[in-house]
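Peer 1: Could you work out the structure for the sequence below:
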Amino acid sequence: MQVTYEVLARIEGEATWSLGWQDGRIVSAQITFPNVRGFERILQGRPAWDALVITPRVCGICGQAHQLAAARAIEAVFIREGREVELSSKANEVRLILSRAERLQSHLKWAALTLLPLLGGDQETREDLLEGASKLARMMALLAGQYPHSSAMIPGGTTYHGSVADYVRGVVLAREIDQLIARPLAFLNEACQTSTILARIPGVAHPLLVLEARKGIVDGQVIDLEPEDISIHASPYGKALPVRIGGRSWEVGPVARAALRLPEWRERLACEGIRAKDRIVARLEEISLDASELHQSWQRLAVSSGVWDERANEKISGEGWGVVEAARGSLAHYVRLDDGMIQEYRLVTPTQWNLGPSLPDSPSVAEEALIGLHSPDEAEFVIRSFDLCAVCTTH
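Peer 2: Residues are numbered from 1 along each chain as shown. I've put the predicted structure just below:
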């Protein structure tokens, strides 16, 4: 057996992959994340609200998602302890705009910098996608005051009070983004349908997870799941920690969200397995959906309503989970507090679900998807279809 070993390029952070080849097929795969930064340890002994500032620094791409997950985790402590925290309609819309804008921005960057080079797109297409991503950063700055690593989402609501001028600028930006991404999306969708490499990559059956909805999909059937069901295991190699529910590895991300949303996706994936093409098409479809949802949220945003329930600033003891559907999939934060101080903090990131290490009784989602492929080009498409993030994985 011949083994190839490479550093994975064009990702945030560091990772390597080794592939075992025999008779022109991949027979073994191992993805290794060599570093760890210790965010969970840094948070121990700090005030609860420090998580809102520290966890967004886990990632330069999905900081809004981390901040929202931290805010929700703290809110969950209040709810579990029977303490009421009420979000205003304005706070909910601000959170939705920020989280969807960030998710859309991540998808556009992935399309421009990862997918487009694989499918052979031109420079104009790349520039339109990146200009759309730039305008999304400006949109987030309207509500969050700065970008990245803002402090707009807090337990009980948001810090944003708003103005009519911000509302007008937000609506205009949403329209400009739509115009910029229309042609690139049409090209990428057509290129996916005509790609000979994508057409020959087979599907692999994986359970799917959309943790924010508390749902999983197994053999085409939707089941109920809770973040409390998560188990975190010691790593057999590298620094990434495997995460499981019910002893299984679960695939997260746009393809899971598409399967939960659409019965025809569930039926097809149950029959054919999940292909690299499915992950790519689902992400492209989510670009259109998120862009449309941004329009609707700006229309619903009530500039004059309240922004924050001050009861969420009280010291409290207890534990809670906060879950967000980030660009790459389900992101979960767990916090245990004692009189407002963090005793324990856990982060479970999308790339942990998709690319964390295999265990003896449950292979990694991505590593299993690589088995049986016949060329480095096929392997490249598969690994890129997950949009991996090494820094989130080894937080």
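
Peer 1: which stretches of the stretch 251-395 of the chain form strands?
Peer 2: Secondary structure of the stretch 251-395 of the chain (DSSP state E, counting those that start in this stretch): strands at 318-326, 329-338, 341-348.

Peer 1: Quick one: closest of the ones you listed to residue 275.
Peer 2: Across the strands of the stretch 251-395 of the chain, residue 275 has its closest neighbour in strand 329-338 (16.9 Å, Cβ to Cβ). Where C-beta positions appear, they are placed from N, C-alpha and C, glycine not excepted.

Peer 1: what angle sits between the closest one and strand 341-348?
Peer 2: 160 degrees (axes from the mean of the first three to the mean of the last three Cα atoms, to 10 degrees).

Peer 1: and strand 329-338, what's its mean pLDDT?
Peer 2: Averaged across strand 329-338, pLDDT comes to 98.

Peer 1: and that strand, C-alpha only, in PDB?
Peer 2: Provided in PDB are the C-alpha atoms of strand 329-338 (Å, rounded to 0.1, in the frame of the first residue of the first chain):
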ATOM      1  CA  GLY A 329     -23.100  23.300  10.400                       C
ATOM      2  CA  SER A 330     -24.300  22.900  14.000                       C
ATOM      3  CA  LEU A 331     -22.200  24.900  16.500                       C
ATOM      4  CA  ALA A 332     -22.900  24.200  20.200                       C
ATOM      5  CA  HIS A 333     -21.700  25.900  23.400                       C
ATOM      6  CA  TYR A 334     -22.100  24.500  26.900                       C
ATOM      7  CA  VAL A 335     -21.600  26.500  30.000                       C
ATOM      8  CA  ARG A 336     -21.800  25.700  33.700                       C
ATOM      9  CA  LEU A 337     -22.000  28.800  36.000                       C
ATOM     10  CA  ASP A 338     -21.700  29.300  39.800                       C
END
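
Peer 1: Could you list every helix and strand that that strand packs against?
Peer 2: Judged by 3 or more Cβ pairs under 8 Å, 6 or more residues apart in numbering; DSSP states H and E, the packing partners of strand 329-338 are helix 63-80, strand 208-210, helix 254-261, strand 318-326, strand 341-348, helix 350-355.

Peer 1: Nearest residue to residue 390 in space, ignoring adjacent ones along the chain?
Peer 2: residue 13 (2.7 Å; Cβ to Cβ, 6 or more residues apart in numbering).

Peer 1: Now do the contacts for that neighbour.
Peer 2: Residues counted as contacts of residue 13 (Cβ atoms under 8 Å, 6 or more residues apart in numbering) are 33, 35, 389, 390, 391, 392, 393, 394.

Peer 1: And those, which of them are buried?
Peer 2: 33, 389, 390, 391, 392, 393, 394 (16 or more other Cβ atoms under 10 Å).

Peer 1: coming back round to it: tell me the pLDDT at the residue nearest to residue 390?
Peer 2: Here, the pLDDT recorded for residue 13 equals 78.

Peer 1: How much space separates it from residue 389?
Peer 2: The gap separating residue 13 from residue 389 is 7 Å, by Cβ to Cβ, to the nearest Å.

Peer 1: circling back: for residue 181, find the nearest of the helices and strands packed on strand 329-338.
Peer 2: Nearest to residue 181 among these is helix 254-261 (15.6 Å), distances taken as Cβ to Cβ.

Peer 1: Next, residue 105: phi, psi?
Peer 2: When read as degrees, to the nearest 10, the backbone of residue 105 gives phi -60, psi -40.

Peer 1: Spatially nearest residue to it (excluding sequence neighbours)?
Peer 2: Nearest to residue 105 is residue 136, by Cβ to Cβ, 6+ apart, at 4.0 Å.

Peer 1: dump the residue contacts of that neighbour.
Peer 2: Counted by Cβ under 8 Å, 6+ apart, residue 136 has contacts 101, 102, 104, 105, 108, 173, 177.

Peer 1: So what does the third one look like in phi/psi?
Peer 2: Here the main-chain torsion angles of residue 104 (degrees, to the nearest 10) amount to phi -60, psi -40.

Peer 1: could you say what helices and strands the top helix by length along the chain packs with?
Peer 2: As assigned by DSSP state H, the longest helix anywhere in the chain is helix 164-194. Under the contact criterion of 3+ Cβ pairs under 8 Å, 6+ apart, helix 164-194 touches helix 89-110, helix 116-119, helix 123-144, helix 276-300.
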